[in-house]
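Engineer: what shape does this take:
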Amino acid sequence: MRIELFDAKQHERKGFDSGNPALNEYLQKYLAQGVKKHLIRAYVALEDSGRLIGYYTLSAASISCADLPPDMAKGLPCYPIPALLIGRMATDTQAREQGLKVGSKLLIHACKQVLKVADTAGVLCVVVDAKPEAVSFYERFGFMRLKQEDNLRLYLPVATLQGLLGTGEPS
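Structural biologist: Below you'll find the model as predicted:
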C-alpha cells in the first residue's frame, strides 16, 4: 500500500465503496473540484495494483478558544485559533474486511502532514469532524472532543503530535 497526493486524471474512483454513501459521493463528485480550487489537499491510499482503498482531505481551519478545555485555552488570544482540518476520511469496505488498517495509516500520514505545515506556519492542533461511528477510532489515537453541541469535532494538539511522531517528512 502507498499513500500519495490525489490526481483526478490518474486515480480511478468509481469502484470505491466506504459503506457511507455521502463519503463515496464526495470522492466521486466533489473531491477533484476542491483540489482544483485549492480548498483542500487530498491524499489517497492505493493498493499495489493501483486500486484506491482510502482517502482523506486536509485544509486550513480555525477554532474558537471557547471550544477548547480551560487548560488548553489558558493564555490563548480570543480570536480564531489556527488549526488544520481533516475534513473527510474514508476507507474501502474490502480493505477493512482484509484488516489492512488503511484508516490508521491515513491518519498517521495526515498527522505527519500537519507537523510539516506546523514547521512553516502557526498551527495549534489538528481537528476532525468525525462521523458518530468514527469518534472512538479518533479517540484511540488521543483525539479529544471540543466543547460543541454535537460533540463530533475532535482535536489533537500539535505539541502532542510532535511528542508522538517527531518532525520531518511524511513517509
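Engineer: now the phi/psi pair for residue 65, please.
Structural biologist: phi -60, psi -30 (degrees, to the nearest 10).
Engineer: all strands of this protein, in order?
Structural biologist: Assignment of strands within the chain using DSSP state E yields the ranges 2-5, 41-46, 52-63, 81-91, 125-129, 144-145, 153-157.
Engineer: nearest to residue 21, out of these?
Structural biologist: Residue 21 lies closest, by C-beta to C-beta, to one member of those: strand 81-91, at 10.8 Å. Quick note: C-beta positions are derived from backbone N, CA and C, even for glycine.
Engineer: and the angle for the closest one with strand 41-46?
Structural biologist: 30 degrees (axes from the mean of the first three to the mean of the last three C-alpha atoms, to 10 degrees).
Engineer: each with direction, which strands does strand 81-91 pair with?
Structural biologist: Sheet pairing of strand 81-91 (DSSP bridges) gives strand 52-63 (antiparallel), strand 125-129 (parallel).
Engineer: return the first one as CSV; C-alpha atoms alone will do.
Structural biologist: Extracted in CSV, the C-alpha atoms of strand 52-63 (Å, rounded to 0.1, in the frame of the first residue of the first chain):
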residue,chain,number,x,y,z
LEU,A,52,-8.0,3.3,-4.5
ILE,A,53,-8.7,1.9,-1.0
GLY,A,54,-8.9,5.1,1.1
TYR,A,55,-8.6,8.9,1.1
TYR,A,56,-8.5,11.9,3.3
THR,A,57,-8.6,15.7,2.9
LEU,A,58,-6.7,18.4,4.7
SER,A,59,-7.4,22.1,4.8
ALA,A,60,-6.9,25.2,6.8
ALA,A,61,-9.3,25.8,9.7
SER,A,62,-9.7,27.7,12.9
ILE,A,63,-11.3,27.0,16.2
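Engineer: now the lowest-mean-pLDDT helix or strand in the chain - C-alpha only, CSV.
Structural biologist: Lowest by mean pLDDT, DSSP states H and E among the helices and strands of the chain is helix 70-73, with a mean of 76. What follows is helix 70-73, C-alpha atoms only, in CSV (Å, rounded to 0.1, in the frame of the first residue of the first chain):
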residue,chain,number,x,y,z
PRO,A,70,-9.8,25.6,30.0
ASP,A,71,-6.3,24.2,30.5
MET,A,72,-5.7,24.3,26.7
ALA,A,73,-7.3,27.7,26.3
